[in-house]
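In: Sequence first, predicted model second:
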Amino acid sequence: MSKTDTPAPTRLRRGMGGPLLFAFILGDVLGAGVYALMGVLAERVGGMLWAPLLAALVLALLTAGSYAELVTKYPRAGGAAVFAERAFKNKLVSFLVGFCMLAAGVVSAAGLSIAFAGQYLQTFVEVPVVPVAIVFLAVLAALNARGIRESMGANFVMTAIEVSGLVIVVVVVGFLLAGGGGDVSRVTQVPEGTGVASAVLAGAIIAYYSFVGFETSANMIEEVTEPSKMYPRALFAALGAAGLVYVLVGLASSIALPPEKLSSSSGPLLAVVEASGVAIPSWLFSLIALIAVANGALLTMIMASRLTYGMAEQGLLPRALSRVLPGRQTPWVAILATTLVAMLLTLVGDLALLAETVVLLLLFVFLSANISVLVLRRDRVDHDHFRVWTFVPVLGVASCLLLLSQQTLRVWIFGAILIVVGVGLYFVARWARGRGEREQEQAASR
């Protein structure tokens, strides 16, 4: 049992209360995914868009419960990779968990860059998608290298913009319904020849992508006041709020447009707003969507480059990736490497494949976190922390295995290629580290 309510000591200022933490998590979860993927989801599940979003919320809450326990139990931990190292005492397993997180970030940024260059941008100018996605990533890299410091005030603004776009979707469809338009019957329809359960499960794999992001909040725990109380409350409240918004957007989208029209658009929510007939300029909604997608991509690339840098510092990746710019003190080699990989991935050009690969990689991370909770139950700490019911991580493990079993062969192959590259980099780093140590020993013996 825990012994005290006093939070673990930290060198950082604990100045983040519940509302700020709630906004941070909500901002991380909301936005880019649902703006980009509603059309892909419609192709899988027809008009029953709300059901896989609700199912994905329930599955995400299971793993969030495990994170709530681990993060408050080890409030200075850096995430699932550190939890895995504590639980399994194996460097390679810890590396693979960290690398899956890193690879998911890079793949996600590639997918978001394609979404950025799609229909929302086409509102302003007609341009080829892949070249613009590559230029977009280059601009993000330049901003990243200058030193991006997101304040909580800026996060509030970005979150407000993202939420405003989703509220607009719900409100304008409300006006459409009030005027006798739309088709409510579509919300229970699935593609012809497809069962409801199989359609919802297939859609949940895509919908799960819209809920990822909550795991990055683990990095904020040292700055949270009363972390054992505030973190679980903010985490579950933010996921619940995001889920409510997503379900409403799913209902609104299927009422406004048939699935085939949603699935044929790379800017599905813009198509919904236009179909409502409400006098909202297309350029205004497109601008909101572009801000949401761009902010998501930028935050993702910042996370990926810093994680790459940190793993290189620990000797888990080649040491060259830890080099920093002398003046800016930003990890320029890590930024360059992650950006180049993301640029190559844009050549895939398939948003659904990239989103499903992100989910596949993160499912391994979440599977590790859920197992880590159970393994570390025998480990006692001297401060109060949140404790999730034991059946929650058990169901979390089952949910991860269920979603993994639904991934297609091409997603497994794509994900396996990325993991093999990571394992290769790990052994290169080990070889280089061992060689350096041997050279140091030889020099010392002379």
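Out: That came through fine.

In: For stretch 225-245, could you pull out the residues that count as buried?
Out: Within stretch 225-245, the residues that count as buried by 16 or more other Cβ atoms under 10 Å are 227-232, 234-239, 241-243, 245. From N, CA and C alone the C-beta is placed, and that goes for glycine too.

In: for stretch 307-320, same thing?
Out: Buried-residue list, stretch 307-320, by 16+ other Cβ under 10 Å: 307-312, 314-318.

In: on that earlier part again, quick check: the farthest pair among the buried residues of stretch 225-245?
Out: Using Cβ to Cβ, these span at most 27.6 Å, a distance reached by Ser228 and Val245.

In: So, low pLDDT: which residues of the stretch 251-400 of the chain?
Out: By pLDDT under 70, the weakly predicted segments of the stretch 251-400 of the chain are 327-329.

In: So what's the gap between stretch 365-372 and the chain middle?
Out: Remark: stretch 365-372 is offset 16 Å from the chain centroid, using Cα atoms, centre = their mean, to the nearest Å.

In: Show me the contact partners of it.
Out: Stretch 365-372 is contacted by residues 62-63, 66-67, 70, 80, 83-84, 86-88, 93, 97, 100-101, 104, 215, 393-394, 396-397, 400-401, 404 when judged by Cβ atoms under 8 Å, 6 or more residues apart in numbering.

In: List every C-alpha atom in that stretch, with coordinates, as CSV.
Out: Extracted in CSV, the C-alpha atoms of stretch 365-372 (Å, rounded to 0.1, in the frame of the first residue of the first chain):
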residue,chain,number,x,y,z
VAL,A,365,3.4,-0.1,-26.8
PHE,A,366,0.0,-0.3,-25.1
LEU,A,367,0.2,-4.1,-24.8
SER,A,368,3.6,-3.6,-23.0
ALA,A,369,2.1,-1.0,-20.7
ASN,A,370,-0.9,-3.1,-19.7
ILE,A,371,1.4,-6.1,-19.0
SER,A,372,3.8,-3.9,-17.1
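
In: For the host helix or strand of Gly434, which residues meet the burial criterion?
Out: In this structure, Gly434 sits in helix 409-445 according to DSSP states H and E. When burial is assessed from 16+ other Cβ under 10 Å, helix 409-445 yields the following buried residues: 411, 414-415, 418-419, 422, 425-426, 429.

In: nearest to Gly182, of those residues?
Out: Distances from Gly182 to the buried residues of helix 409-445, taken by Cβ to Cβ, are shortest for Val411, at 34.1 Å.

In: That closest one is in contact with Thr357, isn't it?
Out: Yes. The pair Val411 / Thr357 is scored as a contact, 5.6 Å apart, by Cβ atoms under 8 Å.

In: For Gly78, give me the pLDDT.
Out: Gly78 is assigned 57 on the pLDDT scale.

In: I'd like the numbering to begin with 380 instead of 1 from here.
Out: Will do, 380 is the new start, and the previous item becomes Gly457.

In: so how far is stretch 723-741 off the chain centroid?
Out: What separates the centre of stretch 723-741 from the centre of its chain is 12 Å, taken as Cα atoms, centre = their mean.

In: Need the residues that contact it.
Out: Against stretch 723-741 from outside (Cβ under 8 Å, 6+ apart): 412, 415-416, 419, 422, 479-480, 482-483, 485-487, 489-490, 492-494, 508-509, 512-513, 516, 584-585, 587-588, 591, 594, 645, 782-783, 786-787, 789-791, 793-794, 797.

In: Now the buried members of the contacts of stretch 744-751.
Out: 441-442, 445-446, 449, 459, 462-463, 465-467, 476, 479-480, 483, 594, 772, 775-776, 779, 783.

In: Can you get me the start-to-end distance on stretch 753-770?
Out: End-to-end distance of stretch 753-770 (Cα to Cα, to the nearest Å): 10 Å.

In: Tell me the buried residues in it?
Out: So for stretch 753-770, counting by 16+ other Cβ under 10 Å, buried means 755, 762-767.

In: same thing with stretch 630-649?
Out: 630-636, 638, 641-642, 644-649.

In: now do stretch 507-527
Out: Buried positions in stretch 507-527, judged by neighbour count with 16+ other Cβ under 10 Å: 508, 511-513, 515-516, 519-520, 523-524.

In: Could you export that stretch as CSV, CA atoms only?
Out: As requested, the backbone C-alpha atoms of stretch 507-527 are provided in CSV (Å, rounded to 0.1, in the frame of the first residue of the first chain):
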residue,chain,number,x,y,z
PRO,A,507,0.0,17.8,-56.2
VAL,A,508,-0.3,16.1,-52.9
VAL,A,509,3.0,14.2,-52.4
PRO,A,510,5.3,17.1,-53.3
VAL,A,511,3.4,19.5,-51.1
ALA,A,512,3.4,17.0,-48.2
ILE,A,513,7.3,16.8,-48.5
VAL,A,514,7.6,20.6,-48.5
PHE,A,515,5.3,20.7,-45.5
LEU,A,516,7.5,18.3,-43.6
ALA,A,517,10.6,20.4,-44.5
VAL,A,518,8.9,23.5,-43.1
LEU,A,519,8.1,21.6,-39.9
ALA,A,520,11.7,20.5,-39.7
ALA,A,521,12.9,24.1,-40.0
LEU,A,522,10.6,25.2,-37.2
ASN,A,523,11.6,22.3,-35.1
ALA,A,524,15.3,23.1,-35.6
ARG,A,525,14.8,26.7,-34.6
GLY,A,526,13.5,25.5,-31.2
ILE,A,527,9.8,25.1,-30.8
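
In: which residues are contacting it?
Out: Counting by Cβ under 8 Å, 6+ apart, 488-489, 492-493, 495-497, 500, 645, 673, 676-677, 680-681, 684, 704, 707-709, 711, 714-715, 718, 721-722, 725-726, 728 sit against stretch 507-527.

In: any idea how far Ala597 is from Thr538?
Out: 19 Å (Cβ to Cβ, to the nearest Å).

In: Now Gly622. Nearest residue, chain neighbours left out?
Out: Closest residue in space to Gly622, ignoring its immediate chain neighbours: Leu436 at 3.6 Å, by Cβ to Cβ, 6 or more residues apart in numbering.

In: Isn't that neighbour up against Ala617?
Out: No. Using Cβ under 8 Å as the test, Leu436 is too far from Ala617 to be in contact (11.5 Å).
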